[in-house]
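*Asks:* the sequence and its predicted three-dimensional model are supplied below.
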Amino acid sequence: MRALGRLIRVREVPVLLGLVIVFVGTGLLNPIFFSVSILNDILFGVAIVATLAIAQTFVIVMRHIDLSVGSVVGFTSFLIGDLSSKGFSLGAVLLAALLVGASVGAVNGFLVAYLGLPSLVVTLATLYIVRGIFNEVGKGQTIVESMVPEELNWLGLNRLFGISYLFIIVLVLMVFAGFLMHRTRAARDLYAIGSNPSAAGLVGIPVKLRVLLAFTSTGAISGLAGAVMLARFNSSSTQSGLGLELLVIAACVVGGVSIAGGTGSVFGAVSGAVLLQTILMAIGALGIPQFWQLAVNGTLIIAAIGLDRYLSTRVKSSNIMGASS
Amino acid sequence: MTNLSTPKNLLTWDKGVVLFLVISIFIGSFASEYFATASNLSFVIASIAEIAIIAIAMAYLIIAGEIDLSVASIMALTSASVGYAFQAGVAFELAVVIGLVVGLLAGLFNGVLVTVFGLPSLAVTIATLALFRGLCWVLLENKPVNQLPREWIDLGNKNIPGTFFPWATILVVLLAGTAWFVLHHTKLGRWVFAIGTNADASRFSGIPVNSVKLGLFAFTGLMSAVAGVVYTLRFASASPDGGTGYELSVIAAVLFGGVAIAGGVGTMWGVLAAVLSLGVIKSGLQLAGFSANALLIVSGGLLLISVILPRVTEFVRVHRSKASTIKRTQ
Amino acid sequence: MKKRKSILAAAVTGAFLAFGLVGCAATDEAESPATSAAGTTDTAEALKIAIVPKAINIGYFTGWNEGAQEACAELGATCDYIGPNEITGAAQTEFINQVIQQNYDILVISAADQNAIVPALDKAREAGIIIVTSDADVAAESVGSRLVSILPSEQDDIGTAQVDWIAEAIGSEGSVAIITPANAANQTAWIAAMGPYLESQYPDMSWAGGSLESATFFANDPTESAEAFASILAQYPDVAGIISPTTVGVLAAAVEKKAKGAAVKVTGLGLPSEMAPYIEDGTVEKVGLWNPLDLGYVAVYAAVAAKNGNFDGAIGSTFTAGDKTYTVVDGGIAYLGSPFTFTKENIGEFKLIY
């Protein structure tokens, strides 16, 4: 347990270091950046990606990937508003979102675990399929503020000690998931599966069941993240969530959740998301010319990935998932 | 990682894809009276040309165990460079060369990040996707370039006289033919398969793994650049937001063509048949009245089928051989 | 191995043969659509019209299509709403091809990309299809590729009107910033008009950061718009007003303003149904927009009039739609009129319409 604790502390050093560098560096150049309100803006803005990054951690540590999360969260954010405006209670719509997400996750998990299909292919396919179904169901409508459940609206607008409730939700989820990941046998098995899939099976870990559960959990949390998304934007449309999956993966990698599997924590994932959001805000605050901002953003993400790689112990060449062969 | 039976199965899948292509052409003709016209077939080929060109290189890359998500951005960056140079007064021919060089350099950049700095290609090419796209905005800002030379636009849009093949077909056939030969009949091709199967073992047997990978990334950059030139001509313009989302279409086509994401397996036939099939199906369904959303669902479904089917045939094959073994021993 | 190879080779040859067979048997393009007999009425008998938006899953275009369908019903034409699900020129080109293949008589289109679709439009024109752009036009150099364009108001008017609205809200003094999509032809034109207008008409107002360039922030979706809002406040904490000439941007700005309790005033082009809550609770004083239904409606009438030989799109020519007559001006464009503005007084009525 202590060894595990030490490992986690080492793994998150790069991303926390990156956070400090970016925050302090930007603040020195533009003192406005040092304000508490900027910090709160960052936390408010990062809530969606952070929630999805926590969910993604479950599959990445197993050396898998879930590309369908963008489509799922967009769909559920729309569904919550749609059903709510038709009179369903908050509990019912959240349950619906959870079920939609969990179902997609279960399908992904089943195909990956029991049919042995590569997760990149499976989740790419479900990305398309869910988006297609979403577009059909959505029929070009927009969810407007009046359709958003009051409670979600309230969560999006209010703060606890200055921190948005949406980020409080992230923190609670992170602590809960983190606890699960370190204390429960089932979750610790995920790390074993990611480090050495064949060995994991040989030592008696029910690999297929774990993989199925992990994907289902990822899907379920992504489904609930739709509520966070709706609370944040007070609107939703069939364009919601497009392209979000790549940002989530970048956040995880930057946060030390190695794409090679076997290491990383939900704390790292959240930190990675916060770092990427801070970089985004910093670019705006530094007055970098509009047309240069995306290029600078990409460069800084490369630097963050590089820093994480440099400070970690892996230096051998690797395949696309970063696993040393 | 790969067992001995997998190559056989995927070779079956490659034949399957080609068969699928033939069937889908016939189905397309029956599904819609508008499908089997010269102008529509010409359009279908033109619409998949860019994807085919990039897929040729992506196939090599994935077989070797890597991936590049920034290809659409490199395609756009090439287009932006061509437009920028042309607008600055450079002769169009030279602008095209500049664009190709830019793409090659972008590919090299990816390659260096992966082979020299050891960064995982999936993650780092997500970042370079943003970087290269960002450079498009730096070059063109929000002013697309549109007054390209008429002869070049015609090259991008007209057919070879007397046929329904667009001029770009010649390019695709030449590139695909060469790529096929190199992949399946040269030492370099065998190296690519070996590296994808087991990079460490390949290194120990003397294959310069990092150099090969670096070269493949550069090749991918160059092919994305070629696709970028074709794209620029077809749309008679260079714009900073061109080609967004193409990377997923390319990867989906390559995977549908039987290239295993784990590396080490795949054929050029399969990939080309897959690219063409996806274009044919899209066109057929569209003309038969399916909406754009339905096409999304079909694309996803096909991708799933492309990986489920080989599993099923393998399952059947294993059971059949088990049964025959049992019979023989009785 | 040899046997497998030859099977593979046979299959591939078969594929190409199939392609070739089908291609050779293919009939060439259908004869150009017969022009209707010279008539003075605007009725259309079984005309096939394709209504192609920038993307089919966007609420604004659902409204645009409603208007077009209304006109089609009145004219007795069959109208099909088809289009891509992403706003790109490449995707829209595929649907223009569908229009050509399926022998439509008329194409009413909102250009997803002012340049990329031009070669496809040229092919459609060669096939004899009448093309009217509506809501978003092709580039000025390519206006020959379409018959006429139906746009809401003079580009300049749309831009200057928004400056007036923000001036009203901020008491004609203070600095102003803009949130806009990066590469949208319409927005670029409107903003270009805003610059000189603000400088000449409102001496006590200025652009945040000192120039139009420094005041313009790019955002292509709600997430980026929200981030742009935060960036503006971070860079220019004293900014008085924000203009967003796009329904996505102005909605996001209103949401952010309410969430942060910011003092900055917000205005722009807003869809009444989306902006209603923010106008009703005072977050936003006024936004404006035209009616997308009108854009669709008028475009169909223009195209049918041309098909019937009553209208040729030349500068100065006219056509009627509903009970109004429209004149084509410079650039081959017919304008609908000035934008409506929505305030507390009338939002209740309009939010139910679109």
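*Replies:* Looks like it came in fine. Numbers count the residues shown, from 1 in each chain, chains lettered A, B, ... in the order given.

*Asks:* pLDDT wise, what is the closest residue to chain C within the stretch 51-200 of chain B at?
*Replies:* Proximity of the stretch 51-200 of chain B to chain C (Cβ to the nearest Cβ) peaks at residue B:146, 4.3 Å away. Where you see a C-beta, it was placed from the backbone N, CA and C, and this is true even at glycine. Per-residue confidence (pLDDT) for residue B:146: 92.

*Asks:* what about it, how many neighbours?
*Replies:* Residue B:146 has 21 neighbours, counted by other Cβ atoms under 10 Å in any protein chain shown.

*Asks:* quick check: it touching residue C:139?
*Replies:* Yes: Residue B:146 is within contact range of residue C:139, at 5.7 Å (criterion: Cβ atoms under 8 Å).

*Asks:* rewinding a little: and the residue of the stretch 51-200 of chain B closest to chain C, backbone torsions?
*Replies:* Main-chain torsions, residue B:146, degrees, to the nearest 10: phi -130, psi -10.

*Asks:* so residue C:49 sits in a strand?
*Replies:* Yes: per DSSP: H, G, I helix; E, B strand; the rest coil, residue C:49 lies within a strand segment.

*Asks:* that one is in contact with residue C:108, isn't it?
*Replies:* Yes: assessed by Cβ under 8 Å, residue C:49 is found in contact with residue C:108 at 6.4 Å.

*Asks:* mean confidence score for the helix or strand hosting residue A:305?
*Replies:* In this assignment (DSSP states H and E), residue A:305 forms part of helix A:293-311. Helix A:293-311 carries an average pLDDT of 89.

*Asks:* hang on, the earlier thing: neighbour-wise, which of residue C:49 and residue C:108 wins?
*Replies:* With neighbours defined as other Cβ under 10 Å, residue C:49 and residue C:108 compare such that residue C:108 has more, 32 against 29.

*Asks:* who does the more buried one form a beta bridge with?
*Replies:* residue C:51, residue C:132 (DSSP bridges).

*Asks:* need the pLDDT of it.
*Replies:* On pLDDT, residue C:108 comes in at 97.

*Asks:* flag the shaky bits of chain B, pLDDT-wise.
*Replies:* Residues of chain B meeting the criterion pLDDT under 70: B:1-12, B:324, B:326-330.

*Asks:* what does chain A give?
*Replies:* A:1-9, A:313-325.

*Asks:* leaving out sequence neighbours, find the closest residue to the most centrally placed residue in it.
*Replies:* Closest residue to the average C-alpha location of chain A: residue A:53 at 1.7 Å, with Cα atoms, centre = their mean. With Cβ to Cβ, 6 or more residues apart in numbering or on different chains as the criterion, residue A:53 has its nearest non-adjacent residue at 3.9 Å, and that residue is residue A:269.

*Asks:* tell me which residues in the helix holding residue A:305 are buried?
*Replies:* By 16 or more other Cβ atoms under 10 Å in any protein chain shown, the buried positions in helix A:293-311 come out as A:293-309.

*Asks:* how close does the residue of the stretch 51-200 of chain B closest to chain C get to residue C:185?
*Replies:* To residue C:185, residue B:146 is 11 Å away according to Cβ to Cβ, to the nearest Å.
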